[in-house]
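J.: Got a predicted model here, sequence first, then my questions.
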Amino acid sequence: MPYDKSVFDRAHQILSARRRAAVDIQAKNRQQAFAAIPRLRQIDAELRTMGSRIAKAVLTQGGDSQQLLEGLRLRGVSLSEERAQLLRQNGLPEDHLRPQYTCRDCRDTGYLPSGRRCHCLTELLREVEAQRINAISSMKLSTFDSFSLDYYPPGPQRQQMEGVLYYCRDYAEAFSRSSHNLLLMGPTGLGKTHLSLAIADAVVAQGYAVLYGSFANFAGTIEREKFGQAATVGGDTLSTLLDCDLLILDDVGSEFVTPFVTALLYNIVNTRLNTGRPTIISTNLTFSQLGETYSDRITSRLGGAYIDLRFTGTDVRLAKGRQR
């Protein structure tokens, strides 16, 4: 997918920082190991001369260099084995003196020897793009600890919301890329956004790429990008929504519904179902209202592939306002 230049720049800055950190750790490890095991310094110095000695043998010996080259090769193998043995004897891994790259496939360059983009850069671009979009959507995380059941009437309604709270907490703690889809349903002011953000907070902390935002805002951004009206050239919000580990669409049904919006919602829901990526949707609408607002194709997928959690009680925001 295409990314904005700022996303690429940020990803490469992160890779550069990783490379610097790997080299710094290597220098520290070498200094400490050479001080503790002086023989390692001698081995390292001799191994460093191997390249020049091989080149000299080829230039000076000509066709008679084969025996000398084989001797140098065996000497190099012997030194490498001695170094590995010394490291093991001192409780250190055999690669202790090498740079400790985050990604060993590309050595934190972002590109494989073939020139193709490494999987680590692809993942990093996705994460940076998610951060960019979350910043645009003003994502402010809430927590499960700040969700109070005291605002819900005692009895069945509070018991229902207690079950919803525990389900959402368990969902977040056990989240994986194969987690269920959730449909949070109920009137306004009952905590759907709060628990959505609490899930996002917990899942982000586990290192997953999470996108949260109102469907209305996402739809507006995608429409502007599609028709060339976006302020940032090169943005591809739709692809990021389709590819992120967890997508949370808040307040579905509050936007101005057009054929474009209906087709967009179906595309997002259907594509993420087909690729097995979990999605959380919150809405103030009932199933029948969703069907009237969008299409039977959408409600069919929501009803068949989403676990619906029903929010009940009285408007918590109004209750909090009365207490101030």
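T.: Perfect, I can see it now. Nothing here was measured: the structure is a model prediction, and the numbers come from that model.

J.: Tell me where the longest helix sits in the chain.
T.: As far as residue count goes, and with DSSP state H defining each element, the longest helix of the chain is helix 5-36.

J.: That one: what's the following helix or strand?
T.: Beyond helix 5-36 on the C-terminal side, the first helix or strand identified by DSSP states H and E is helix 38-48.

J.: State the phi and psi torsions of the most centrally placed residue in the chain.
T.: In the chain, the C-alpha closest to the average C-alpha coordinate belongs to residue 209, at a distance of 3.1 Å (Cα atoms, centre = their mean). Reported as degrees, to the nearest 10, the phi and psi values for residue 209 are phi -90, psi 110.

J.: before we move on, the earlier item: what is the longest helix of the chain packed up against?
T.: helix 38-48, helix 119-136 (3 or more Cβ pairs under 8 Å, 6 or more residues apart in numbering; DSSP states H and E). For glycine as for every other residue, the C-beta is placed from the backbone atoms N, C-alpha and C.

J.: Mind doing that once more with 10 Å?
T.: helix 38-48, helix 66-89, helix 119-136 (3 or more Cβ pairs under 10 Å, 6 or more residues apart in numbering; DSSP states H and E).

J.: Name the residues of stretch 98-107 that are buried.
T.: For stretch 98-107, a neighbour-count test (16 or more other Cβ atoms under 10 Å) marks 99, 100, 101, 102, 103, 106, 107 as buried.

J.: Widest-spaced pair of these?
T.: With distance counted by Cβ to Cβ, no two of the buried residues of stretch 98-107 lie farther apart than 100 and 106, which are 14.2 Å apart.

J.: got the buried residues for the longest helix of the chain?
T.: Within helix 5-36, the residues scored as buried using 16+ other Cβ under 10 Å are 7-8, 10-12, 14-15, 18-19, 22, 26, 29-30, 33-34.

J.: can you redo the helices and strands packed on helix 5-36 as a markdown table with distance to residue 276?
T.: As requested, the helices and strands packed on helix 5-36 are arranged in a markdown table below (distance: least, Cβ to Cβ, whole Å):
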| stretch | distance to residue 276 |
| --- | --- |
| helix 38-48 | 48 |
| helix 66-89 | 42 |
| helix 119-136 | 16 |
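
J.: closest one to residue 160 among those helices?
T.: When the helices and strands packed on helix 5-36 are compared for distance to residue 160 using Cβ to Cβ, the nearest one is helix 119-136, at 30.3 Å.

J.: Could you point out the helix or strand that follows that closest one?
T.: Helices and strands here follow DSSP H and E; after helix 119-136, the next one along the chain is helix 156-173.

J.: picking up where we left off before, could you say which of the helices and strands packed on helix 5-36 is packed most deeply?
T.: For those, ranked by mean neighbour count under the definition mean count of other Cβ atoms under 10 Å, the leader is helix 119-136 at a mean of 19.

J.: what's around residue 157, how many residues?
T.: Per other Cβ atoms under 10 Å, the neighbour tally for residue 157 reads 16.

J.: Test for you: state the pLDDT assigned to it.
T.: Per-residue confidence for residue 157 comes out at a pLDDT of 92.

J.: What's the separation between it and residue 181?
T.: According to Cβ to Cβ, to the nearest Å, residue 157 stands 25 Å off from residue 181.

J.: For stretch 303-321, list the C-alpha coordinates in PDB.
T.: Presented in PDB, the C-alpha positions along stretch 303-321 are these (Å, rounded to 0.1, in the frame of the first residue of the first chain):
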ATOM      1  CA  GLY A 303     -25.400 -10.900  13.200                       C
ATOM      2  CA  GLY A 304     -23.500 -14.000  12.100                       C
ATOM      3  CA  ALA A 305     -19.900 -13.200  12.800                       C
ATOM      4  CA  TYR A 306     -20.000 -10.800  15.700                       C
ATOM      5  CA  ILE A 307     -20.600 -11.400  19.400                       C
ATOM      6  CA  ASP A 308     -23.000  -8.700  20.500                       C
ATOM      7  CA  LEU A 309     -22.800  -7.100  24.000                       C
ATOM      8  CA  ARG A 310     -25.900  -5.300  25.100                       C
ATOM      9  CA  PHE A 311     -25.300  -2.100  27.200                       C
ATOM     10  CA  THR A 312     -28.100  -1.200  29.500                       C
ATOM     11  CA  GLY A 313     -28.900   1.400  32.200                       C
ATOM     12  CA  THR A 314     -29.300   5.200  32.300                       C
ATOM     13  CA  ASP A 315     -27.100   7.800  30.600                       C
ATOM     14  CA  VAL A 316     -23.800   7.700  32.600                       C
ATOM     15  CA  ARG A 317     -22.700  11.100  31.200                       C
ATOM     16  CA  LEU A 318     -25.800  12.800  32.500                       C
ATOM     17  CA  ALA A 319     -25.300  11.100  35.900                       C
ATOM     18  CA  LYS A 320     -21.700  12.300  36.100                       C
ATOM     19  CA  GLY A 321     -22.800  15.800  35.000                       C
END
